[in-house]
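>>> Dropping the sequence and predicted coords here.
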Amino acid sequence: MNRLTPPRLAVLAAAVALAVAGSAFWKGGPVAHGARPAPLPTVTFRAAEERTVFDYQDYTGRLEAVDVVDVRPRVPGTLLAVHFTDGQHVAAGDLLFTIDPAPYRAQVNQAQASLAVAEERRRLAGSELARGQKLVEANAISRKEFDVLDNTAREAAASLKGADAALAQARLQLAYSQVRAPIAGRISRAEITTGNVVGAGGDATPLTRIVSDGALYASFNVDEQSYLRLIAPSLRAGVLPTVAVGLADDDAYPYAATVQGIDNQMDTRSGTVRVRARINAVSPAMLPGLQARVRLHGGQPYHAVVVDDAAVGTDQDRKFVLVVNAKDTIERRVVEPGVLQGRERVLRSGIEPGARVVIDGAFKAPPGTTVKATVADAGARP
């Protein structure tokens, strides 16, 4: 058996060392001196702001006309003409229908004749009374005869007043043969066409309907908790809550409204109270009966922290946000959310003003992770 000489031992040792080094290289290379640390995950944050805010609540309601009138004839007769087109705007006093005026014109003529007769009787009775006054002063007639003349004059005067009233009534009936708009607004279609005989009074079939279009009501129901939180504090302060209204296809609430009335009791079956707000500046597209989106502002102003609503997460029944602390580590904070202010959420508790709330990159950095935090652009949204 050959023994290894010292030179051979040195060569063998070098070969073993080279093999170990090569194995280490192919398994990942040197660790102690050439390795680079993994990059920190990047998150974007926006500082929580403190603002003065008002609470509000959104509701769904209906638009209602301020004035609605069913136009009915005041005198019966044959309908001769319709003077409007369906859906047009009419002013108060505009002529809408004409009922045959011939019978009422004849009544006016008859009343005028009766008035003329009554005037002549009154004139004659007045002359007889004046003559009797002179005779009784001269003791030419008895006092009884004078009293008869005085009574006749009084009766003639009363008859004249009756004839005058009958003429006024006949003229009023003749005027009612022209049916005019009692209010300004948008008119519906004619329910009865020309040639038909119409009745009169409250039981008569309506000729048409007019709804006012200069202003509208937005009616909606407020639940008990919202009433106590929004309406009651305003009433105690001596002011009415403000209301903004939008249509179903509006993104915002472009129409300002004022609370016109609050019902006098809470409906115990639904737990709501009826509220009606008046919209004075309406658009031509707004019709009574349309669905209305109503935003009710109320209560007293208060200071609160607001953050982007999309940054608020949900864990079962709790709400939370992720914040970057002073050591650039992600922390999870449980918060108490308030109302939504546009795209921002009011937080009643949980974080302080100025806290760096993560709005982007949270999926890369669970709580406890050290991160690289960057400020979000002014217009950036989560």
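Received the coordinates, thanks.
>>> What pLDDT is listed against residue 35?
Note for residue 35: predicted pLDDT of 57.
>>> What of residue 107?
At residue 107, the predicted lDDT confidence score is 96.
>>> So it sits against residue 170, correct?
Yes. Using Cβ atoms under 8 Å, residue 107 is in contact with residue 170, at 4.2 Å. Backbone N, C-alpha and C define where each C-beta goes, glycine included.
>>> With neighbour numbers in mind, choose between those two.
Neighbour count, other Cβ atoms under 10 Å: between residue 107 and residue 170, residue 170 has more, with 21 against 17.
>>> ranges for the helices of the protein?
Along the chain, counting by DSSP state H, helices occupy 6-26, 102-137, 143-176, 224-226, 232-236.
>>> The spatially closest residue to residue 332 that is not a sequence neighbour: neighbour count?
Once flanking residues are discounted, residue 332 sits nearest to residue 367: 4.4 Å by Cβ to Cβ, 6 or more residues apart in numbering. Neighbourhood size, residue 367 [other Cβ under 10 Å]: 13.
>>> in the stretch 251-382 of the chain, which spans are strands?
Shown for the stretch 251-382 of the chain, the strands assigned by DSSP state E, counting those that start in this stretch span residues 255-262, 272-279, 291-308, 313-315, 318-324, 330-341, 344-349, 356-360, 372-375.
>>> what's the closest of the ones you listed to residue 216?
When the strands of the stretch 251-382 of the chain are compared by Cβ to Cβ, strand 272-279 sits nearest residue 216, at 4.9 Å.
>>> what's next to the closest one, contact-wise?
Residues from elsewhere that reach strand 272-279, judged by Cβ atoms under 8 Å, 6 or more residues apart in numbering: 63-64, 66, 215-224, 227, 231, 243, 245, 255-263, 265-267, 286, 294, 296.
>>> Among the residues you listed, the buried ones, what's the PyMOL command?
Typed into PyMOL, the line below selects the buried ones among these, using 16 or more other Cβ atoms under 10 Å:
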select buried, resi 63+64+66+216+217+218+219+220+221+222+227+231+243+245+255+257+259+260+262+286+294+296
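>>> Out of the helices and strands in this structure, which is least certain?
Every helix and strand of the chain was ranked by mean pLDDT, DSSP states H and E. The lowest is helix 6-26, at a mean of 48.
>>> circling back to that earlier point, and the helices of the chain: which comes nearest residue 189?
Of those, nearest to residue 189 by Cβ to Cβ is helix 143-176, at 22.1 Å.
>>> hmm, back to that, the helices of the chain: lowest mean pLDDT?
Confidence, taken as mean pLDDT, is least for helix 6-26 of these (a mean of 48).
>>> what stretches of the stretch 201-350 of the chain score poorly on pLDDT?
Applying pLDDT under 70 to the predicted model, the stretch 201-350 of the chain contains no residue that meets it.
>>> Could you report the distance from residue 133 to residue 265?
70 Å (Cβ to Cβ, to the nearest Å).
>>> Please apply the same query to residue 367.
51 Å.
>>> Would you convert the helices of the chain into JSON lines that also reports distance to residue 322?
Shown next, in JSON lines, are the helices of the chain (distance: least, Cβ to Cβ, whole Å):
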{"stretch": "helix 6-26", "distance to residue 322": "41"}
{"stretch": "helix 102-137", "distance to residue 322": "84"}
{"stretch": "helix 143-176", "distance to residue 322": "76"}
{"stretch": "helix 224-226", "distance to residue 322": "30"}
{"stretch": "helix 232-236", "distance to residue 322": "34"}
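>>> can you tell which of those helices is closest to residue 332?
Comparison of these against residue 332 by Cβ to Cβ identifies helix 224-226 as nearest, at 29.5 Å.
>>> if we look at that closest one, which residues are touching it?
57, 266, 271-273, 296.
>>> can you do 10 Å?
Contacts to helix 224-226, defined as Cβ atoms under 10 Å, 6 or more residues apart in numbering, come from residues 55-57, 59, 232, 266-268, 270-273, 275, 296, 298-299.
>>> so which of the strands of the stretch 251-382 of the chain comes closest to residue 72?
With Cβ to Cβ as the measure, strand 272-279 is the member of those nearest residue 72 (26.6 Å).
>>> if we can go back for a sec, would you format the strands of the stretch 251-382 of the chain as TSV with distance to residue 142 included?
Supplementary listing: those in TSV, determined by distance: least, Cβ to Cβ, whole Å:
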stretch	distance to residue 142
strand 255-262	72
strand 272-279	74
strand 291-308	84
strand 313-315	111
strand 318-324	109
strand 330-341	97
strand 344-349	101
strand 356-360	114
strand 372-375	119
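>>> looking at those strands, which is buried most?
Comparing the strands of the stretch 251-382 of the chain by mean neighbour count (mean count of other Cβ atoms under 10 Å), strand 356-360 comes out on top with a mean of 22.
>>> what about that strand, average pLDDT?
For strand 356-360, mean pLDDT is 89.
>>> Can you list the neighbours in contact with it?
42-49, 305, 307-308, 310-313, 321-326, 328, 330-331, 333, 335, 347, 351, 365, 371, 373-376, 380-382.
>>> Could you figure out how far that strand is turned away from strand 344-349?
Angle, strand 356-360 to strand 344-349, by axes from the mean of the first three to the mean of the last three Cα atoms, to 10 degrees: 140 degrees.
>>> orientation of strand 356-360 relative to strand 318-324 in degrees?
Taking the same axes, to 10 degrees, one finds strand 356-360 and strand 318-324 inclined to each other by 100 degrees.
>>> List the neighbouring strands of strand 356-360 plus their orientation.
Strand 356-360 pairs in its sheet with strand 42-47 (antiparallel), strand 318-324 (antiparallel), by DSSP bridges.
>>> could I get that strand in PDB with only the CA atoms?
The C-alpha atoms that make up strand 356-360 are tabulated as PDB, following Å, rounded to 0.1, in the frame of the first residue of the first chain:
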ATOM      1  CA  ARG A 356     -51.100  58.000   8.700                       C
ATOM      2  CA  VAL A 357     -54.000  55.900   7.400                       C
ATOM      3  CA  VAL A 358     -53.100  53.400   4.700                       C
ATOM      4  CA  ILE A 359     -55.200  53.800   1.600                       C
ATOM      5  CA  ASP A 360     -53.200  51.600  -0.800                       C
END
